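> Quick one: sequence and predicted model below, then my questions.
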Amino acid sequence: MPEASIMGAMTPKSYVAAGETLTLLQEFEDDHQIQRALCRDLEAIADALPDVPSPAQVRRIGERIERVSTEHYAHALGVLRSLPEACRPSETELAALEAMHAIDASHGEDLVTALWDHVERSPKRHDGQLGYMLRCYFDGCGRAMAFKEALIGRAIHAALDDVKADRQLPPAPRD
């Protein structure tokens, strides 16, 4: 049987659920690209210590951390909550992700304060402590992204399973 007739047997519900899920997942991936770029930049600052980032760099990093903490974390939770029920993570998983995001946001605030202290060359600058804070922040973000990607991977499989279940294939011809 040609592929077109198999695809034609899919119900409209299957197309909508799969299409909406894939669109939401692409938005999710866009958020992760932004977060990965931030983490790479923070790692570069950590690797360059004891060199001091410029005030302009610290301002931009602070703005990016704030944007990730307020916009991207909320968007990711919104995407996960808006998935079709069969694909949606459990409330326990969503609560765990929210807790990870809260910790990362708090670490981000502390990190920006420490970066400003570092830039202002406070008399008791602690390069090792700042390096540790930078690494803790991007490690935490990495863990949260890996957790979200695992949830999304499971959602993709669930959406595809839902599509397969909705296919109504005709019986095979008899000889």
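That came through, no problem. Numbers count the residues shown, from 1 in each chain.
> Mean confidence (pLDDT) on the longest helix along the chain, please.
Determined from DSSP state H, the single longest helix within the chain is helix 127-166. The pLDDT scores in helix 127-166 average 83.
> just checking, what packs against that helix?
Counting contacts by 3 or more CB pairs under 8 Å, 6 or more residues apart in numbering; DSSP states H and E, helix 127-166 is packed against helix 12-48, helix 73-82, helix 91-119. C-beta coordinates here come from the backbone N, C-alpha and C atoms, glycine included.
> and the shortest one, which residues are buried?
Okay, so that is helix 73-82. 73, 76-77, 79-80 (16 or more other CB atoms under 10 Å).
> With distance to Arg64 and pLDDT as extra columns, can I get the residues you listed in TSV?
Below are the buried residues of helix 73-82 laid out as TSV (distance: CB to CB, whole Å; pLDDT from 0 to 100):
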residue	distance to Arg64	pLDDT
Tyr73	13	92
Ala76	16	90
Leu77	19	91
Val79	20	85
Leu80	22	88
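> Quick check: Cys136 touching His107?
Yes. Using CB atoms under 8 Å, Cys136 makes contact with His107 at a distance of 6.0 Å.
> Settle it for me: which of those two has more neighbours?
Neighbour comparison, Cys136 and His107: the larger count goes to His107, with 20 against 15 (by other CB atoms under 10 Å).
> Find the nearest non-adjacent residue to the more buried one, please.
Of all residues not flanking His107 in the chain, Tyr137 sits nearest, at 4.9 Å (CB to CB, 6 or more residues apart in numbering).
> who touches the closest residue to Ile103 other than its chain neighbours in this structure?
The shortest distance from Ile103 to any non-neighbouring residue, by CB to CB, 6+ apart, is to Gly140 (6.3 Å). By CB atoms under 8 Å, 6 or more residues apart in numbering, the residues touching Gly140 are 100, 103-104, 107.
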